[in-house]
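[1] this one's structure only:
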Ligand SMILES: Cc1cc2nc3c(=O)[nH]c(=O)nc-3n(C[C@H](O)[C@H](O)[C@H](O)COP(=O)(O)OP(=O)(O)OC[C@H]3O[C@@H](n4cnc5c(N)ncnc54)[C@H](O)[C@@H]3O)c2cc1C
């Protein structure tokens, strides 16, 4: 059992440690400390060196840059839920994670890098086509969240890299209606049984110009498929009802729930039906409850 831990003073030292020792970053520790716990009041032991990164200012800050929202990997769920710069579904997902005490510690970087298929933030982030910025001593690269999340608990993060920030591109024109729903056992401190984030854009002529939907906890990966979404794009909003059965069947085909498949499939169907039918009938723009 390795017990080496580092507290780098800046990014340069953190990246050097990452390359030379393979130290694994700890941000809020709410996944890592729990996964390696040894009992109440006993310090966890890790099978690799670790480095604490929560003190590094370079991982902080939520900014608007060239119309895109940049969220530092070390931003906590609480910082995200109260930021007006962050798109509504991401704020909403952050606000429903754990309890307040968890949201004060848990970071977006940890949620994304832990790569759990039940993680909440990647669902709206994937729907919004988010990209990630990764740094190593060799330089910086960007990767789409979709390519980063390789599988359950598997990412494209290299052993010498750190996640620096999550970048959310601007959506133009803005979505007409948005939906986010998390289903858990309780209101607080519940891991998602299912989550769904959806958005639709309807132009002034009543044509659907964009539609997106991502499902969490409905398979080994977050489910999103552009070809299925395109079944509802380029049609008058009034034609949604007749397209609904074929669309819902196709969407069902991208889900792969292992536990409680009937519940997860039928709940997803009902949420999508509700969202799309409300979008047809509701006169004002905004968030659908
Ligand atoms: C009681 C409880 C309730 C929870 N409820 C929820 C919930 O409702 N929804 C949900 O999605 N999750 C939930 N979680 C899981 C966890 O809190 C989240 O996944 C959280 O966002 C992890 O962030 P962290 O900063 O604590 O990660 P850490 O535990 O510090 O790290 C997690 C992983 O990310 C890596 N990592 C962290 N930062 C970086 C970086 N900058 N670069 C590269 N790798 C990095 C670490 O090395 C590690 O592999 C819960 C956990 C607990 C204990």
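    Thanks, I have it. A quick note: this is a predicted structure, and the numbers were derived from the prediction, not measured.
[2] hey, where'd the strands end up in the stretch 101-250 of the chain?
    Ranges of strands in the stretch 101-250 of the chain, per DSSP state E, counting those that start in this stretch, are 131-136, 139-144, 149-151, 154-155, 162-168, 177-183, 194-202, 208-216.
[3] can you count the residues close to the closest residue to the ligand within the chain?
    Nearest residue of the chain to the ligand, counting by CB to the nearest ligand atom: residue 110, 2.0 Å away. For the C-beta atoms, the positions are set from N, CA and C on the backbone; glycine is no exception. Neighbours of residue 110 under the rule other CB atoms under 10 Å: 26.
[4] Same check on residue 137?
    Counted with other CB under 10 Å, residue 137 comes out at 12.
[5] Next: residue 131.
    18.
[6] quick one, what contacts the nearest residue to it once chain neighbours are set aside?
    Computed as CB to CB, 6 or more residues apart in numbering, the closest residue to residue 131 that is not its neighbour in sequence is residue 167, at 4.7 Å. The contact partners of residue 167, by CB atoms under 8 Å, 6 or more residues apart in numbering, come to 65, 68-71, 130-133, 142.
[7] Residue 62 now?
    69-72, 75, 79-80, 83, 85-86.
[8] Next: residue 70.
    Residue 70 touches 61-64, 165-168, counting by CB under 8 Å, 6+ apart.
[9] let's go with 7 Å and repeat that
    63, 165, 167 (CB atoms under 7 Å, 6 or more residues apart in numbering).
[10] swap in residue 36?
    With CB under 7 Å, 6+ apart, residue 36 has these contacts: 44-46.
[11] per-residue pLDDT, it?
    pLDDT recorded at residue 36 is 88.
[12] which helix in this structure runs the most residues?
    The residue-count maximum for a helix in the chain (DSSP state H) belongs to helix 261-281.
[13] Quick check on the contacts of residue 167: which are buried?
    Taking 16 or more other CB atoms under 10 Å as the criterion, what is buried in the contacts of residue 167 is 69-71, 130-133.
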